[in-house]
Every structure is written in C-alpha cells, then in structure tokens.
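In: output the structure for:
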Amino acid sequence: MNDDRPDSVVNTLRQPEGVTMVSEWISCLDKRPCDRTGEDLDVIYSKLKDIRVFEKFHPLLLQQICYYGYYEDLEKGVTLFRQGDIGTNWYTVLSGSLEVQISETGRAQDTVTLCTLGPGTSFGESILTNRPRHATVITSDYTELIRIEQKDFKILWERNKQLMEGVITPIAALAGLPHTQPSENVQRQSGSQNSTKSEDIPNPATPIIMVPSEKLVRAGHVLRTVLLTRAPHMIRDRKFHLRTYRRCMVGTEMVDWLLQQSSLAHSRNQAIGMWQALVEEGIVVHVCHEHQFKDKYLFYRFHDDDQGVNTVLSTADKKECEEELQDTLLMLAQTGPDAMMRMILRKLPHERTVEDLEIIYEELLHIKALSHLSTMVKRELASVLLFESHAKAGTVLFNQGDEGKSWYIILKGSVNIVIYGKGVVCTLHEGDDFGKLALVNDAPRAATIVLREDNCHFLRVEKDDFNRILRDVEANTVRLKEHGQDVLILEKIPTNTQAADGTVQAHYKYSVMAGTPEKMLEHLLETRVDSKVEEDSDAVLEDFLLTHVIFMPTNHLCPMLLSHYHAEVSQGSDQEALDYTLTHKKCVLHFVQEWVNIASLALKGDVTFGAFLEELHNSILDDLSTYPSLREDLDAVENILEWKESESPAHEKPLAKKKNQNKTPPEEKRRRQPIKPTDENIFKVYCADHTYSTLRLPMDSTVQEIVYHARDKLCLGDDLVLCEVKSTGERRVFKENDMCITSGLGINSRLFITPREHLDALTPLPEQDGPSLGSLSTLELMSSKEMAYHMTVYEWELFSCVHEFELIYQVFGRYKFKKITANLDLFLRRFNEVQYWVVTEMVLTTNLSKRVSLLRKFVKLAAYCKQHQNLNSFFAIVMGLSNIAVSRLSQTWEKLPGKFKKMFADFETLMDPSRNHRVYRLSITKMSPPIIPFMPLLMKDMTFTHEGNKTYFDGLVNFEKTHMIAQTLKTIRFCRMIPLDLENPGPLKTSPDIAVYIRNLQVIDNQRLLTQLSHKLEPRKT
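Out: Residues are numbered from 1 along each chain as shown. Okay, here's the model as predicted:
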C-alpha cells in the first residue's frame, strides 16, 4: 500500500508483525448500533465534532450519525456504486475525493466525469425513494467515509428533514437530471397508506386500547380535578416557537407534582410510569400526539382539555376527588411498572438505553417460553423485541398458509390456534409463544391465530432478527468432543479490552453452556481455580460449588478430586512434569478450600467428605518431601479437619480461624445450631381414636421406619399408612420413601397412622383448632419496637441455619438426594405462623376500639420489621392484615388513623406482585446485608427455573440452568454476608418474656374458622 495519501482523519499504525492497531472511535463505529454503549457514542462524538467536514452539521444530527454510522476506508479506483444500481447506503466524505461519472447511453465508452466530490460532501439520498442511482461514483484517491444503511437513514431523515436538507448534495441535480426533493417525496409517502413511517416506525404515542378502562378514566378525572384545585397554574396556555398550546402541562412539572403528593412514588422513574399508565390509554396525551410520557419540557394535556371540553367543577366533586386521591395514586403506583415496561418496548430498538435493555432482560427471565434460552440470547432479544397490542377478540394475527414473518410471545391475554378442517385445536395463554416453526423451517404458517379475548398484548421478533440471533448463537458456540461425542459446550462471548495507548483489541471469554460433570470439573481446575485473567472466575466456581449436588453429588465429586490430585503428566522434561503436577495439586487443594468456604453448613457432618479429607491429608503428607511448597495447603486442610471434628458451630468458617482460637465463645454455644440428619427427633403419632405414642428417631428417618416403630408400640396390623391431618380435616398420605416429614407438617397439623381402609375415619384433634382467646392482654404490655427486635433475632437464627443446598433438595425432591430440609421447613413454616398469628389475634379481639389499637400495633410492627430489613416477617404481617378475615373488617379499618392507612397502603405497594414482584426486587437491590429475605418468593424463583428448564439434554448437564439456580442461592449468601447486630430496645428484665412469646405463637390456621369469627365480629351487611 502506498504512502502518498492525502491527510487522513485516522492514524493507522502498522506494526512489524502485521497487526493493525485501530483507533478507538473506529472500533466503536465497527459495532452494530444496538451494541454501542453510551461510552462508545461519547467516544465517536468527541472525534467527529472535531472534524472540519462536520462543522455544518447540527449537534443533534451529528449525535444520531454517531449512533447509525459505520466507518469505511477505500483505496483509489474503488467503485462505490454504479449508475442504475438501487441504492443501499448514504455517505459523507471525511477525506479524499470521489469522481461522479455519467453515461447517457449506458455504455462505458460514453462515460463522462461530471464533477469531483470532496471532504464534507454528503450524497446517496436516492435510497429514500428506492430510485436507481443517477451516476457512478469512483474513488479518485484513498478515501474515508461515514456510511449509513438505508433503513437507518430513513429514520434519520424522518426525524431531521430540515437539518439534513442543508447538508445533502443531490447527484441528480449535479447531473442536470430531473429529481424529486426528498422532503416532498417523503411527505407524499407519509401520507400514503404504505408509508415508511406508519409501517416501520409506529407512533409510540398511540393508545394501546380503543376504549380506556373505567378505573383509569376515573383516575384521570381525579388527578385533573385535584390539579385544578391545588395547582391551577400547572394547567395553562403555553407558547413554544410562536405557537400557543391550550390548557397543557409540562412533563417535568407533572413528575415533580406527583412526587410531592405521595411517598408511593419513590423515584422519578416510578412517577413517569404512573403518568404513562394514563398516556397509553389516551387519558393524558402529548399535544402533538408524538411522544409517550417523558420527564422533559414536553407539553401534555388531559383528554378533556385536548377535546376542548370545558368542565365546571362542583364543590362536591372537588371534595370527592380529594378523598379519592390516595387510592388513585396507589392504583397508578401498581399499574405504573407494567406501563413503564410497555413504554420501553414501544420504543424503537435503537432508542432503548442500557437501563431499558436491563429492564427488558429482567422481564424475559420470567417468561415461560424463553426459560430454556441462554443468557446471551435473552440479552440479544431484549434489544430487538417489539410490542404489539390488539383491542378486539376475533382479530386474526395471521392465517394458515401465510408467509412467516414474526415470532410472537403472549404478554397478556390468550389466542386460539385454528387449523382448516379441524377448528380450534388448542388455546395459548400468557407466557406461551407461537410462530417460531415457520421461521425456523422457512415454511408457510401451519395454522391461523385468532385473539380469544379483548386487549391482548404480545412481544414480537421479526424474521431477520430471529435468524441473525440464531446465526450468532451457532457461530459463538464451541463444542469439545471426545470419542465423537460432545463433552463440553462453551459460548464464546466477545469483549473488547482497551490498551494503554487507547487502542481497542478483540478479546473473548468462554461461558459453559453444557457438558459432562467430569469435563466441567476438569475445565474449572484448568481455567478457573487461581485464574487471574477472568474477572468472573470466582463466580463460575461458586456456581459449580453451590449446585454440584444436582449433577455431581459429594460421593462422586470426592473420588474425582482425588483422581485429579494424583494425576501425572507423561510428556515434557522432568522439571516441566514436576511443575505441572504441583500446579494441578494446588488447584485441587484450593478448590477444596473454596468448597468448604461455600458449603460449610452442609459439609460439617458429611461422612463421605470426612473420609475424603483424611485421604487427601495423608496424600499431602506423602507428597511433602517432593513438593515442600504444599506446606501452606497442608495447614489449611488440617484446619478443616480440626473444624470438622470439633464441636465448633457449623456457621464458623474453618479457614477464617485464628491459630490460637481453640475455644468457642459462650454466645456461639448458645446460638441455635442447624438441625443435622442424625439429631434426635421426638414426636407423637396418633391413631384414629386420638390415642398416641411418642417416638424418638433420627431426623432423617423415612416414613417406612416411622411406620415400623409405631406399629410395634401401638400394636397395629399390616397395610398401614402414615398421614398428616390438618386442622381443616384435610389429609395428606406420605410415601414410604419420604423422609424428615415432621419438620414439614402444617402449623397445627398432627401425624396419624391408620390401616389404609380406615383413612376416611381420621378427624382432627380438638386442640388443632388453635386458641379460643386472644393474647391481647399480653400484647398490650409489649411495644411494637421490642416485638420487632425479638422477631428479627429469632428469624435470623432460623435463616442462618438454612443451607443453600436445602433449597435444591426441596425443589428437586428430597427423596432423590436422601437429604433432610428441616432447617428450611422451619423457616418457611415461620412465615405462615406469623401470618396466621396476625389474623388470629385480630379476629379474637372482640372489642372494636381495642381491635383498632391492635391493628395500629401490627402496622407499626410491620414498619419496624421493614426497618430491620426483616422482609420475611414484614411480608407475613402485611399479608396477614390483607387476609380476607381482616380486610373485610370495614368498621375497624375506618377508625384506623389516616397516617396508618397511608403506611399500610405503602406496604401494599411494596408487596405488589405485578411483573414478578418488581417493586420488591428493586427495593432489595438497594439494601445492604444483613437482610432476612421474603423466602416464599425465592422458593418460587427456584421452582420456576427448575420446571421451566431441563437439567440434562443429550446426556449433558444444562449449566445455563444451574447458573440460574445459583443466582437465587447467591441472593441468600448475600443477605447473610454480614452477621445481624441489633441493639435490644427494651428493658432486659422483660426481654425473656417477650422472646418466649414471640418464639411460641399460638395461631388458628383454619381459614374457614377465621372467616367465621370475622363475620361474628362484623356481620355481613344485607
């Protein structure tokens, strides 16, 4: 390549080895627009704004060129396009020059050079109309260009017609040929039925339904009325660019006002979502009907003002709306997150911010149809998904035999699948998908899809995006084979690293998608343990150690680790062999140390692990003379052995012990210890006549063993079953291989044994009904603050005893692992216990004024639990107060002071289950440990992941699934990262009494009985 080039915009450094170091801004332009980060755009903009050719470009236009543009450099004599070609790109010249040639006959020998295009020239606008190129353009020397593809240029033009008309050089005009001004042509298109704007760029401000819902119409009326009463200056005529807009508001002021009215809006984003809920149904509109709701200086009106309806507000209407305001804001706070999500999805893909993409990605994690897809694919989908809604049932989305153009996922509503000659063959609901088969096979649609109900919402992926993602997935998949079979499947993830000189170099990291357990272990030992290169090394290792029980139990993992420890290398010099062997042994030992650090609770009493440690210890002693550097690792293993054989608490990390710390502090000895499989379990087993026998068996006893011992003590015959009888009379028969069943019984449940044919004769004991009198006299002596303290301390003890493996045993099935989940059972039962305790005390308090006082105490108790970050108790108390037996007590709630009503309304917002408890999930991300999380939701997440994803496919472990499982388990580890350290707020002499009460709550857990008691307190009005 010659060096006689004109001044170039780019400095391209040629290295002796032939490696080209590309400037950072060019590397950013090489990315697809959807992959460019905010930082990338800043880098590109800072470069382009300093180039002289862009001086005449408006900054707004230049910013968008930074998003859509690609960099091109061409040698002399390259033909950019030929006369008569259909254009695909628009260009701006950065440096160099290009000749414009034209031939009136179309023959090469008749070609004449019309002119030369130099730096700053922009051309190629014929792509707007799909007309043939008017001339041939060829580079005269080395030339650098910014190129924008047709589909992106149309968007750019539509938004910036006036800004762009001054920078375009129409080649048709240079050639003296007739041409149509782009602005006129585009305007003509926008008015036509098949316009680019209406088809490719749907108006995001269009309401998603034809007729708004009654509750949102009322909400709009309440807000407009209150605004006109409290802040009439916000709704007024405004001028902008010499035009007057009647009776409108400003987006930023609307957000400010909403934040002032209620603590339900915790952030500006949440307030935006609340206004957007009204905008998407047409109750509030942008004055030009062009924008969704934005926290900007944009004008919005209520629908009545937009239609010119001038309503006179009566005093009664004002008063009624003032009273309804808080309920209206609560309703908007609950619908806002979904509206915000739809608003993001209605943006064009290139307009979505990094935060938008993260919100969409989090939503995709909980969609059933996508649960089997890899993380990378979900992130790719987040950038291309489109929102589509249809108002009327009976609407046909597509017909059988049509060309497949899109893949659909149902966000809301349901559809019928209809096949010619068969009618409706099935119905699909929220979370299901359809239309993928026609795209995969490039075949016509196999069925007709008809909306089954009004107002259905869909996510849509276009065919091109679908195929590109499939191609990218296949291109970035690396398969390792042994004996012709896949043993490890890795996903290649491109990342760029910036060198000291500012250049960007391509770099890849590999994420494990699937593999055999043995190969995965080998991969970890070789690439992850002690790795200093990969930032996520610890995360991958942690995922493996948190979930290995699913695919590689301890009795399989321990022999494999010993095998790796003793592995020898047969190639290379003696010194190389020694170095390799030492490194491999150290990797195994460090793996074991990390294992103990993560799973100390589970490994403390594990016999298999104990035998493995002994053998490993002996092996290190044998190797010490050959490898003296193993001394430090030997000390670590001896520490673990000492911890395992000692009586020190399982919570204590063996590797964190100090050398001289041989004694366990007294407070640690008093601390609740996790229940172990060998612990003694004393319980009663009842017969049908309510006689019973007391048994003393290990915690891990099976139903078969319990039946065997109970039969002898109660002198019963054969064919016996063990059964849980609940206070409602409901019966649950256990299987013979069920184990540790006593910890999983309901709050007031009892264990019965009976011949199978007498099962129907079993009835609950009278004591199972629970208390007949409340404990109000005791509760009146306790402050809410003290109660919250003791509840939090007790539940922290229960939570600390739960090991992460117990969640896996519970969700996947204890019988598969032959492990107990007693600690998890007790913690989950505690949630129900607190919930029913709140309901029980409320319905057993017969005096109205005392019941109101008790209700106030419970609201304060929930507030203190939230303050202590005891979210498990907080949710239990609020759900107890939301129970139908309490929520229907209208006389009681009416007398509750407004301050406490508002507090409870805020609590209900935090509990809002929409979009998979998004409000709660956002709240917990802002908290620091220690936290007691809402455990039922974590169990729901685990169950969803397990049921929605296969554990194995084609004989390989699905590590994408184990990664998702590990994410939930890491939440538990994060919550317990720091020990609980609360100061007792009450006098020491009363603390034991409160602690005893809190740890032994007496409850009614029969919902039917609770509702009956509630109706006695406040009978139903007829």
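
In: let me see the ranges of the strands in the stretch 851-1000 of the chain.
Out: All strands of the stretch 851-1000 of the chain, identified by DSSP state E, counting those that start in this stretch, fall at 952-953, 956-958.

In: distance between the last one and the chain's centre?
Out: Spelled out, that is strand 956-958. How far strand 956-958 lies from its chain's middle: 23 Å, per CA atoms, centre = their mean, to the nearest Å.

In: report all helices and strands that that strand contacts.
Out: strand 485-498, strand 504-515 (3 or more CB pairs under 8 Å, 6 or more residues apart in numbering; DSSP states H and E). Placement of C-beta: from N, CA and C, glycine included.

In: tell me the most buried of the strands of the stretch 851-1000 of the chain?
Out: strand 956-958 (a mean of 22; mean count of other CB atoms under 10 Å).

In: how about the top helix by length along the chain: buried residues?
Out: In terms of residue count, the longest helix belonging to the chain (DSSP state H) is helix 315-346. Residues 321, 324-326, 328-346 are the ones in helix 315-346 that count as buried (16 or more other CB atoms under 10 Å).

In: in a markdown table, list the strands of the stretch 851-1000 of the chain along with mean pLDDT.
Out: Formatted as a markdown table, the strands of the stretch 851-1000 of the chain follow (pLDDT from 0 to 100):
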| stretch | mean pLDDT |
| --- | --- |
| strand 952-953 | 84 |
| strand 956-958 | 89 |
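
In: relative to Phe551, which of the ones you listed is closest?
Out: Closest to Phe551 of these is strand 956-958 (CB to CB; 4.5 Å).

In: just checking: what are the partner strands of that closest one?
Out: Using DSSP bridges, strand 956-958 pairs in its sheet with strand 504-515 (antiparallel), strand 952-953 (antiparallel).

In: and these, which one's lowest on average pLDDT?
Out: Among the strands paired with strand 956-958, strand 504-515 carries the lowest mean pLDDT, a mean of 70.

In: and the helices in the stretch 51-200 of the chain?
Out: Under the criterion DSSP state H, counting those that start in this stretch, the stretch 51-200 of the chain contains helices at 59-68, 150-159, 161-165, 171-174, 182-191, 196-200.

In: circling back to that earlier point, dump the strands of the stretch 851-1000 of the chain to JSON lines, plus distance to Ser371.
Out: Listed next are the strands of the stretch 851-1000 of the chain as JSON lines, based on distance: least, CB to CB, whole Å:
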{"stretch": "strand 952-953", "distance to Ser371": "13"}
{"stretch": "strand 956-958", "distance to Ser371": "11"}
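
In: so for Ala231, which of these sits nearest?
Out: Closest approach to Ala231 among these (CB to CB): strand 956-958, 56.0 Å.

In: please point out which parts of stretch 216-232 sit buried.
Out: Buried, per 16+ other CB under 10 Å, within stretch 216-232: 216-228.

In: what does it contact?
Out: 234-235, 249, 257, 261, 277-278, 281, 283-284, 302-305, 313, 317-318, 321-322, 324-325, 328, 331-332, 335 (CB atoms under 8 Å, 6 or more residues apart in numbering).

In: also stretch 470-483?
Out: 374, 376-377, 380, 440, 486-494, 510, 513, 515, 519.

In: where does the prediction get shaky in the stretch 301-450 of the chain?
Out: Across the stretch 301-450 of the chain, residues meeting the criterion (pLDDT under 70) sit at 308-311.

In: can you pull out the strands in it?
Out: With DSSP E, counting those that start in this stretch as the criterion, the stretch 301-450 of the chain has strands spanning 386-390, 396-398, 406-412, 415-419, 423-428, 433-434, 448-451.

In: and Arg243, which of the strands of the stretch 851-1000 of the chain is closest to it?
Out: strand 956-958 (59.5 Å).

In: point to the residue nearest the middle of the chain.
Out: Glu362 (2.9 Å; CA atoms, centre = their mean).

In: sorry, back to before: between the helices of the stretch 51-200 of the chain, which gets the lowest average pLDDT?
Out: helix 182-191 (a mean of 32).

In: low pLDDT regions in the stretch 451-600 of the chain?
Out: 474-475, 493-509, 528-538, 570-572.

In: same thing but at 80, please
Out: 470-479, 484, 491-511, 527-539, 568-577 (pLDDT under 80).

In: just the strands in it please.
Out: Going by DSSP E, counting those that start in this stretch, the stretch 451-600 of the chain shows strands at 456-462, 477-482, 485-498, 504-515.

In: show me what the helix or strand hosting Tyr245 pairs with in its sheet, parallel or antiparallel.
Out: If you go by DSSP states H and E, Tyr245 is part of strand 243-250. Strand 243-250 has the following strand partners under DSSP bridges: strand 236-240 (antiparallel), strand 299-302 (antiparallel).

In: residues of the longest one that come out buried?
Out: Taking 16+ other CB under 10 Å as the basis for neighbour counts, the residues of strand 236-240 that come out buried are Arg238.

In: what's next to stretch 942-959, contact-wise?
Out: By CB under 8 Å, 6+ apart, stretch 942-959 touches 366, 368, 371-372, 485-487, 489, 512-517, 520, 543, 550-551, 807-808, 810-812, 960-961, 964-965, 968.

In: swap in 7 Å and give it another go.
Out: 366, 368, 371-372, 486, 489, 512-517, 520, 550-551, 807, 811-812, 961, 964-965, 968 (CB atoms under 7 Å, 6 or more residues apart in numbering).

In: bridged to Asn958, which residues?
Out: Going by DSSP bridges, Asn958 forms beta bridges with Ala514.

In: distance of it from Leu470?
Out: Here Asn958 is placed at a distance of 19 Å from Leu470 (CB to CB, to the nearest Å).

In: check what pLDDT Ser890 gets.
Out: Looking at Ser890, its pLDDT reads 90.

In: need the strands paired with strand 243-250 in JSON lines with distance to Asp141, can you?
Out: Below are the strands paired with strand 243-250 laid out as JSON lines (distance: least, CB to CB, whole Å):
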{"stretch": "strand 236-240", "distance to Asp141": "48"}
{"stretch": "strand 299-302", "distance to Asp141": "51"}
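
In: closest to Gly38 out of the ones you listed?
Out: Of these, the one closest to Gly38 (CB to CB) turns out to be strand 299-302, at 27.0 Å.

In: separate out the buried members of the contacts of stretch 470-483.
Out: 374, 376-377, 380, 486-491, 510, 513, 515, 519.

In: now these in a markdown table, with distance to Lys1016?
Out: Formatted as a markdown table, the buried ones among the contacts of stretch 470-483 follow (distance: CB to CB, whole Å):
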| residue | distance to Lys1016 |
| --- | --- |
| Ser374 | 57 |
| Met376 | 59 |
| Val377 | 57 |
| Glu380 | 59 |
| Asp486 | 67 |
| Val487 | 68 |
| Leu488 | 66 |
| Ile489 | 63 |
| Leu490 | 65 |
| Glu491 | 62 |
| Tyr510 | 66 |
| Met513 | 60 |
| Gly515 | 62 |
| Lys519 | 66 |
